[in-house]
Structures are given as structure tokens and as C-alpha cells.
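Novice: Sharing a model prediction with you, sequence too.
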Amino acid sequence: MLIESVEPVGKDRSRVTLEDGRSFVLYKGEMRILKLKENTDLSEEVYRNIMETVLPKRAKLRALNLLKTRAYTEYGLRKKLSEGGYPESVTDIAISYVKSFGYINDRQYALDYIGEQSARRSKKELYLKLSQKGIAKEVLDGVFGEIYGSYKDAREDSSFDETDVILKTLRKKGYTGDESYEDRQKILSYFYRRGFEMDSVYRAMDSFKE
């Protein structure tokens, strides 16, 4: 496969983009060792080595280093790795690795967060904040049930509307309402995986066109 472009990313790294649109970020030293240059062919063997050995090893170390400084939700850690240029398949490997040691645990993150913030935030605010951090609704419902006896105290409050969470999340993702069909489906899948009511998601997304 052809290496279509090699673009600098900061001082020490470069983004390699292939002719089919796939891309990944390597350090310049790695580029030299693998002899990767623009407008040259990348063999399948070298590509597999990059995706299955070089990047996963580095992504695991990156994830561990991030977790040394603060706790992350799975969504938060995925976002950081994605921002670092790691492809989704490599991010999946790193996430599975740190999860196997219990280093990320959304349920425990929610419990700790509520313990730290409950004195200054309402149940509704806590639920909203944790939802925005990408914690699945079924996890939050279980945690709120465990702490408060019933998650209804937060989610079924007369003033609670999960549309607030959806709208804030859409804005954080840079959603404008003019996205392509494919991008719109990705966003819908994101909310579906986290257990949001899809009618609420559709209404929130459509509101950007009004």
C-alpha cells in the first residue's frame, strides 16, 4: 500500500497517511528504523508490525502514564489516546490492557466522584457530570441506586431531562447539524451504546438545524 503523505506532528513525531485514508503517528526514530517515506510502498508485514506491536506497546505505556497522574473514565482515556494519534484498534488494545489490571473502572470512578463532590453538587448535577464523562447510563443507575437507594432521586426528578446531557455532549463533540450521514450514524451509535433514549437523541440533534 502506498504512503500518501508524511506530516510533522510536533517536533518528534509524524503522521503517516496511507492511500486508503488510514493513518497513524510514529516517532521520527521509528520512521527511520522502518524506512518509511512519502510516496513509497508500505508492506503488509511492516503495517502489521506497526499496528500489532509498535503502536500497542507505546499506547499501553501512554495509558499507564496518564493514569499515574489522575483517574480516567474509559471514555476519557480513549479520548486522550485518540488525541495522541492512536488508531481505534490500537486504543482498544491499550484500554483492554489497563482494564485487565483494574486501572480503569467506571463504576469505581463514579463512586469516588460522588464521594468527593456530593457535598457541593446536587444529585442531578452529579448525574449530569458523570454522564458527560462518558459513563454508561446503566452503570450510573446502579451506582446511584447503591448510594441513594434509588437512581430515581436523580434521573426522575421533575427537573431532570437527559436532553441536557445530550446537548452538552453534542457541543463538546463539535456537532453542528450539517454532518454527513456516516458521521451522524457514528454519533447515534455513541449515544445508543451508552443507553440514552434515542428519541431524546434525535430531538437534540435535530434542534441544531432549527
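Specialist: Structure received. Residues are numbered from 1 along each chain as shown.
Novice: alpha carbons only for contacts and neighbour counts from here, please
Specialist: OK.
Novice: Show me this protein divided up by domain.
Specialist: 1-42, 43-104, 106-209 (automatic domain parsing).
Novice: how about CSV for these, with mean neighbour count and mean pLDDT added?
Specialist: Listed next are these as CSV, based on neighbours: other Cα atoms under 10 Å; pLDDT from 0 to 100:
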stretch, mean neighbour count, mean pLDDT
domain 1-42, 15, 91
domain 43-104, 16, 95
domain 106-209, 15, 81
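Novice: how about Leu2, what does it touch?
Specialist: Leu18, Glu19, Asn39, Thr40, Asp41, Leu42 (Cα atoms under 8 Å, 6 or more residues apart in numbering).
Novice: can we see that at 6 Å?
Specialist: Leu18, Glu19, Thr40, Asp41, Leu42 (Cα atoms under 6 Å, 6 or more residues apart in numbering).
Novice: Quick check: it vs Val25, distance?
Specialist: Per Cα to Cα, to the nearest Å, Leu2 is found 16 Å from Val25.
Novice: got it, and Ala63?
Specialist: As judged by Cα to Cα, Ala63 and Val25 stand 16 Å apart.
Novice: Need phi/psi at Gly102.
Specialist: phi 80, psi 20 (degrees, to the nearest 10).
Novice: Summarise which helices and strands the longest helix seen in the chain is packed against.
Specialist: Ordering each helix of the chain by length in residues (DSSP state H) puts helix 55-69 first. Counting contacts by 3 or more Cα pairs under 6 Å, 6 or more residues apart in numbering; DSSP states H and E, helix 55-69 packs against helix 88-100.
Novice: CA atoms of the helix or strand just after the helix it packs on as PDB?
Specialist: Per DSSP states H and E, the first helix or strand lying C-terminal to helix 88-100 is helix 106-117. C-alpha atoms of helix 106-117 as PDB (Å, rounded to 0.1, in the frame of the first residue of the first chain):
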ATOM      1  CA  ASP A 106     -16.200   3.400  35.500                       C
ATOM      2  CA  ARG A 107     -18.200   2.200  38.400                       C
ATOM      3  CA  GLN A 108     -15.500   2.900  40.900                       C
ATOM      4  CA  TYR A 109     -14.800   6.300  39.200                       C
ATOM      5  CA  ALA A 110     -18.400   7.200  39.700                       C
ATOM      6  CA  LEU A 111     -18.400   6.100  43.300                       C
ATOM      7  CA  ASP A 112     -15.300   8.100  44.100                       C
ATOM      8  CA  TYR A 113     -16.500  11.200  42.200                       C
ATOM      9  CA  ILE A 114     -19.800  11.200  44.100                       C
ATOM     10  CA  GLY A 115     -18.000  10.800  47.400                       C
ATOM     11  CA  GLU A 116     -15.800  13.800  46.600                       C
ATOM     12  CA  GLN A 117     -18.400  16.000  45.100                       C
END
